[in-house]
Each structure stands twice: as C-alpha cells, then as structure tokens.
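In: From the sequence below, what's the structure:
(one chain, ligands or ions: 1)
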Amino acid sequence: MPGPRLAASGLSVGGIGPAAFELAAGACLGLTGPSGAGKTRLLRAIADLEPHDGECRLDGRPASAMPGPVWRRDVGFVAAESGWWDARVGAHIEPVRDADLDEFGLSPAVREWSVERLSAGERQRLALLRHLAAAPAVLLLDEPVSHLDADLIEVVIGRLAACRQDGMAVIWVDHDRHRLARVADAIARLDSAGRFSWS
Ligand SMILES: Nc1ncnc2c1ncn2[C@@H]1O[C@H](COP(=O)(O)OP(=O)(O)OP(=O)(O)O)[C@@H](O)[C@H]1O
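Out: Numbers count the residues shown, from 1 in each chain. As a prediction, the model looks like this:
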C-alpha cells in the first residue's frame, strides 16, 4: 500500500488545532466550521505560509526540509481572494489553455482584459485555472466556489474530480456542509475555539 500523499501531525497555528490527518492520492478532505474558526489559517499553515507547530509531509517528505516556494509548487494554495501581480489578466494565466478557459465559461479574450474589470466569479475561476495548470500534487481550496453560479459550480466539481482521478489530493474549505458531503471523502471541523475534530 502506498503511503499518504499528504500527512499532517500536531499541526497548530496561533492556538488553532492541533490537527492531524492523512490524505491519500486522489482523496478530498472537507474542512468546515464557523466564521473566524481558523480554516484559512490552517490551510496557510499547510501551505507553509504562516509559522506553525507540527509537521506536514508530502509523499513522506517533510515541508521543513524544503524552502516554502518549492513546497508550494507541489502543495498549491488557492486563496479565497486571489492575489494579482500584473495589471493584465494574460500575465497570470500563460500556461492555461484556451480549452480550459472555455470549459470554465471564459473567452480567450479574457487574456487581454485588465484584472480590475474582472468580476468576483471570473477572478475565482481564473485563479483556480492558474493553479490547476501547475498540476500540483495537493490543492488547498479556500471556499473555491463562493462566487459561482450553480452551473459553474458543477463545472468546477467535475474538473476537480478529473484531477483527483489523476492523483491530486484536495482539501476543500466550505461553509456549505451539503456540498462538502458531496465532494469530500471525509469532513473535519474547526469549532469556534479552533479545536479540530472529525464530523
Ligand atoms: N496573522 C494572524 N495573526 C493573528 N490572528 C490572525 C491572523 N490571521 C488571521 N487571524 C485571525 O484568526 C482567526 C481565524 O481566521 P481565519 O481567516 O483562519 O478564519 P476562517 O475560519 O477561515 O473564517 P471565515 O469562514 O470567515 O473565512 C480570525 O479571528 C482572524 O482575525
């Protein structure tokens, strides 16, 4: 039996946790809990974007043994509000194929748009496509469909299912427990005091 793709033990950040879990290749862990419980901070700790205690391993390799940017090439983090470093959309999505844009309801012309004019849902789809194009081993998703309509949510769920077939593991943060029950193999919860439990 292969070991877990992603494993966390004793993971805590700023009083949130400790969390421990193992995620097989292709698995999806759902994470929910009240606003302010610490879901985003836990994802950021897994992505090694915040100082934390405990350890995460990718295919057995500890995050502490590699520089953060190298870790994040394999463990991608899609923030709830994506960051943009260039005024033009195209600069952010060079590796994204036109067919992928089309699947996500976007015209290739979006490459010429300024980031400023993007709607919240367009930003969300483009940020996800940018991360998917990098084909990470693990993708950490912070409320990935919060700005999307029902049809687009189905498109995103379908695309992520295909990536999971290819072995990508996912942690999906969402307030919608029904959606998590649909997409996730297991659901964990942070309570308002930041305590991690399985639900
Ligand atoms: N760098 C930081 N240092 C200290 N506290 C922080 C830091 N970043 C966020 N917080 C606080 O930690 C708490 C948890 O924030 P977090 O964004 O992880 O919550 P969340 O569960 O994702 O909430 P929501 O569902 O509203 O997005 C919040 O009270 C927030 O103000």
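In: Going by neighbour count, which residues of the helix ranked longest in the chain are buried?
Out: Using DSSP state H, we find that the single longest helix of the chain is helix 150-165. Neighbour counts over helix 150-165 (16 or more other Cβ atoms under 10 Å) mark 152-153, 155-156, 159-160, 163-164 as buried. All C-beta spots, glycine's among them, are computed from the backbone N, C-alpha and C.
In: Poorly predicted segments of this protein, please.
Out: Along the chain, segments meeting pLDDT under 70 span 1.
In: Close to the ligand: what parts of it are there?
Out: With Cβ under 6 Å from any ligand atom as the criterion, the chain meets the ligand at residues 14, 33, 35-41.
In: Quick one: buried ones out of those residues?
Out: For those, a neighbour count by 16+ other Cβ under 10 Å gives the buried set as 33, 37-41.
In: With distance to Val96 as extra columns, can I get the buried residues of helix 150-165 in TSV?
Out: Shown next, in TSV, are the buried residues of helix 150-165 (distance: Cβ to Cβ, whole Å):
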residue	distance to Val96
Leu152	16
Ile153	19
Val155	15
Val156	14
Arg159	12
Leu160	16
Cys163	14
Arg164	19
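In: Closest one to Ser9 out of those, please.
Out: Arg164 (23.1 Å; Cβ to Cβ).
In: Look up the closest residue to that closest one, ignoring the ones flanking it.
Out: Nearest non-adjacent residue to Arg164, counting by Cβ to Cβ, 6 or more residues apart in numbering: Gly26, 4.5 Å away.
In: Count the residues that sit near the one you found.
Out: Neighbours of Gly26 under the rule other Cβ atoms under 10 Å: 16.
In: so it touches Ala169, yeah?
Out: Yes. Here Gly26 reaches Ala169: they are 6.4 Å apart, a contact under Cβ atoms under 8 Å.
In: Could you give the backbone dihedrals for Ala127?
Out: Main-chain torsions, Ala127, degrees, to the nearest 10: phi -60, psi -40.
In: Just want to check the distance between it and the ligand.
Out: Distance, Ala127 to the ligand, by Cβ to the nearest ligand atom, to the nearest Å: 16 Å.
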